[in-house]
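>>> Please find the sequence and the predicted model below.
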Amino acid sequence: MHFTTIDFETANGSRSSICSVGIIEYVDGEKINEYYKLVRPIDDYFHPINTSIHGITRDDVKNEKPFIDLWPEIEGMLANKLVLAHNAAFDMSCLRAVLDENEIIYPTMQYNCTVQIAKKVWPGLTNYKLNNLSYQLGYRLNHHNALDDARACGNILIKAVKHSRLETIESFFEEYKITHGLIYPGGYQTPSARKRSVLK
């Protein structure tokens, strides 16, 4: 079971305004690497609502590196990997936006969403928010800390595969008919959707 989980927090309504990132790499269902960084966004206005959610301020990141300087560290954790996020549409749009902003070519990577996975495995829950799912699965979550959100995301996938009693992550996705999204140089494809080109 090899995969990577990721979570971004943003400074404001712009998807490229990433102010923190948490990434965890898993091999055979075990964490092998945890990565957390505060990020100084190019658009460094911190909306009060965003700060009220994650607690990060402009002062917290003023001496941190911008995303473009962190990308050489991050790329190897994502490229040619299966990447999971909770509400992946948001996190993948943040990734694409910040790469576009910095004129960085997209890596090739598959991705999926633990919200959609949880809906397949545990239908009928009141909601599928990360804090609610984590509580129901017995994980104490420090919500909106990017690294802990990435941990919770990994916990959901591992618990889902165990719940299915299937031996591999590949057989799990096949059994539940879960298709992956794809990001690649020049475009992306959402799960069960057509490819979309990115105009430069």
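Received it, and whenever you're ready, just let me know what you need.

>>> so what's Ala97 up against?
By Cβ atoms under 8 Å, 6 or more residues apart in numbering, the contact set of Ala97 is Ser14, Arg15, Ser16. The way it works is simple: take the backbone N, C-alpha and C, and place the C-beta from them, glycine included.

>>> Distance check, it against Asn63.
For Ala97, the distance to Asn63 (Cβ to Cβ, to the nearest Å) stands at 23 Å.

>>> May I ask which helix or strand of the protein has the lowest mean pLDDT?
Within the chain, no helix or strand scores below strand 195-197, which has a mean of 56 by mean pLDDT, DSSP states H and E.

>>> Can you give the contact residues for the longest helix seen in the chain?
Counting by DSSP state H, the longest helix found in the chain is helix 146-164. Counting by Cβ under 8 Å, 6+ apart, helix 146-164 makes contact with 1, 3, 5-9, 20-24, 26, 29, 31, 34-36, 54, 84-86, 114, 117-118, 121-122, 130, 133-134, 137, 139, 141-143, 169, 172, 175-176, all of which sit outside it.

>>> now stretch 71-89, how far from the centre of its chain.
How far stretch 71-89 lies from its chain's middle: 7 Å, per Cα atoms, centre = their mean, to the nearest Å.

>>> What's the local residue count around Arg58?
14 (other Cβ atoms under 10 Å).

>>> Tell me who's in contact with the residue lying closest to it once chain neighbours are set aside.
In space, Arg58 comes closest to Phe46 once its chain neighbours are excluded; the distance is 4.9 Å by Cβ to Cβ, 6 or more residues apart in numbering. Neighbour list for Phe46: Ala11, Asn12, Cys19, Ile56, Thr57, Arg58 [criterion: Cβ under 8 Å, 6+ apart].

>>> rerun at 6 Å
With contacts defined as Cβ atoms under 6 Å, 6 or more residues apart in numbering, the neighbours of Phe46 are Ala11, Thr57, Arg58.

>>> I'd assumed Leu38 was in contact with the first one.
No. Between Ala11 and Leu38 there is no contact, the gap being 10.8 Å when judged by Cβ atoms under 6 Å.

>>> More neighbours: these two, which one.
When neighbours are counted by other Cβ under 10 Å, Ala11 and Leu38 differ, and Ala11 comes out ahead with 26 against 18.

>>> ok, now how distant is the more buried one from Gln116?
To Gln116, Ala11 is 27 Å away according to Cβ to Cβ.

>>> re earlier: beyond the longest helix of the chain, next helix or strand please.
helix 169-175 (DSSP states H and E).
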